[in-house]
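Colleague: Let me see the structure of the following:
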Amino acid sequence: MASMQRKKLKPVTIRFEEDAYNSLQVLAKQRGEPLAVLARRMVEEALTQKQAIEGIDLISAALSKVVRRELKPVEDRMAKLTAKSAVAGATSMYLNYFVIQQALGPKLTKSAKEVYETARVKAVAYLKEPPVDE
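Modeller: Next comes the predicted model:
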């Protein structure tokens, strides 16, 4: 069997509070390994997790930036279409009001504005109804 190359280990002195030290000793004994090996492995695992989390954060930030950049033209287009729809709706509203007033002016029992407001309330109620399956 080929011998594995071992990385050179650097000595480090770490001081633990008594409770943490005792917990490490119990865990090392349960696992049948020296306290130094257990502590080293735990530190290495924590560092690996930290690096993975930081890597994910970098990827997430880059991905968010790309998505925002790619969606910006669509967002701008939607804003322009919404503005055009609002202008078209307001124009239609004014024309309807004007036609009602001109066509039925003296015959109206209500003002053209009251007729418009009644129609608007009914239209909003209609839009709130659930769709009917045909």
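Colleague: Tell me the helix or strand right after the lengthiest helix in the chain.
Modeller: Looking across the chain with DSSP state H, the single longest helix is helix 35-104. Sequence order places helix 112-128 as the next helix or strand after helix 35-104, per DSSP states H and E.
Colleague: Now do that next one: which elements does it pack against?
Modeller: Applying 3 or more C-beta pairs under 8 Å, 6 or more residues apart in numbering; DSSP states H and E, we find helix 112-128 packed against helix 35-104. C-beta: built from backbone N, CA, C; applies to glycine.
Colleague: Low-confidence regions, the chain specifically.
Modeller: Filtered on pLDDT under 70, the chain yields the residue ranges 1-5, 108, 112, 134.
Colleague: Tell me which residue of it is furthest from the middle?
Modeller: Residue farthest from the centre of the chain, counting by C-alpha atoms, centre = their mean, is P106 at 56.3 Å.
Colleague: Could you check how far the residue positioned nearest the centre of the chain is from K50?
Modeller: Taking C-alpha atoms, centre = their mean, the centroid of the chain lies closest to S64, which sits 9.8 Å from it. S64 is 21 Å from K50, where distance means C-beta to C-beta, to the nearest Å.
Colleague: Same question for E75.
Modeller: Distance from E75 to K50, by C-beta to C-beta: 35 Å.
Colleague: Let me know how buried I100 is, in neighbour terms.
Modeller: 19 (other C-beta atoms under 10 Å).
Colleague: surely it meets Y116?
Modeller: Yes. Counting by C-beta atoms under 8 Å, I100 touches Y116, with 6.7 Å between them.
Colleague: Near A125, how many other residues are there?
Modeller: 9.
Colleague: residue contacts, Y116?
Modeller: By C-beta atoms under 8 Å, 6 or more residues apart in numbering, the contact list for Y116 reads 93, 96-97, 100.
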